[in-house]
Structures are given as structure tokens and as C-alpha cells.
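A.B. asks: quick one, what's the 3D model for this:
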Amino acid sequence: MPREYPRKLRVANELRRVLNDILRDDIKDPRLQQVSVSQVELSGDIGVAKVFFSTLVPDSDLDPIIVALEKARGYLRSRAGELLFLRHIPELRFYEDKATKHGFKLTQLLDKTKKTSNQLIDDDSHSVSSIDNDIL
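C.D. replies: Numbers count the residues shown, from 1 in each chain. Below is the predicted model of the structure:
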């Protein structure tokens, strides 16, 4: 019978938490100050970890962040090994999590739509009041 909270999922969540702690507390590279790990997906044998990171840095400035993550890969893996009670620490592979940026852009679009909608309502109310004044 499958467990409700399988080992692979528990390890992925712990690895995500530990990597965020390391990025926040140990890594001094300024390129990684605004980076956080949003999700970790593990292979079936827990040998490879897809580490999805998010940042609010524009896409044009993403290359230095990827270079910095690749440079810090060995340190992140060894430090995670010190903090996690695992026999083998998975190989880390980094991917941008685009969902965060899409969500941020969607929120901006909704805010813009709301402002436009409110302006149209205000314009309509001014038009109605001027028509009322013309009738009177």
C-alpha cells in the first residue's frame, strides 16, 4: 500500500528548504541575493534533482544568475549533504521557474485592467451627470 507522503516527496521538500537556507545564509554572491528555490523534483532513484529557482530579475539579466548557480553547484550540494541525513545527495540541475514570473505579470495585467475599468466607470458617471445637467 503506498504511503500518503512518499520518501521522494519528503526528500524533495527538505532539499528545497535546505537550499533556500544555504542561498540565504551562506552564499555571498550578489547575483544570487534575489534567487529562491521554488520547487525540487527528484528522479525515481533520487540521484538527480531538478531545482527550479525563481527571481524577479528581468529575463535579459538571467544569464549571470545561471552562471552563478552553476558555479555554486558543488558547494550547494556538499553543504546540503552536511545538513540532510541522506546517504547520497542528488546531482543538482537548475531550471528557471517561469510560473512565478507569469503570475507576477498576470497580477500586473489584472491591476491595469482594474484601473482602466475604474477610469471608464468614472468617465461614464461624469457623462451621465452632464446629461442630467443638460436636461435640467
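A.B. asks: how about the residue nearest the centre of the chain, nearest residue that isn't a chain neighbour?
C.D. replies: The centre of the chain sits closest to Ser54, judged by CA atoms, centre = their mean, with a distance of 3.2 Å. Spatial nearest neighbour of Ser54, chain neighbours left out: Thr100 (3.8 Å); criterion: CB to CB, 6 or more residues apart in numbering. From N, CA and C alone the C-beta is placed, and that goes for glycine too.
A.B. asks: for the one you found, grab phi and psi.
C.D. replies: The phi/psi pair for Thr100 (degrees, to the nearest 10) reads phi -60, psi -50.
A.B. asks: was I right to think it contacts Phe52?
C.D. replies: No. In this structure Thr100 lies outside contact range of Phe52 using CB atoms under 8 Å: 9.2 Å.
A.B. asks: make sure Glu91 is actually in contact with Arg77.
C.D. replies: Yes. Between Glu91 and Arg77 there is a contact at 7.4 Å, judged by CB under 8 Å.
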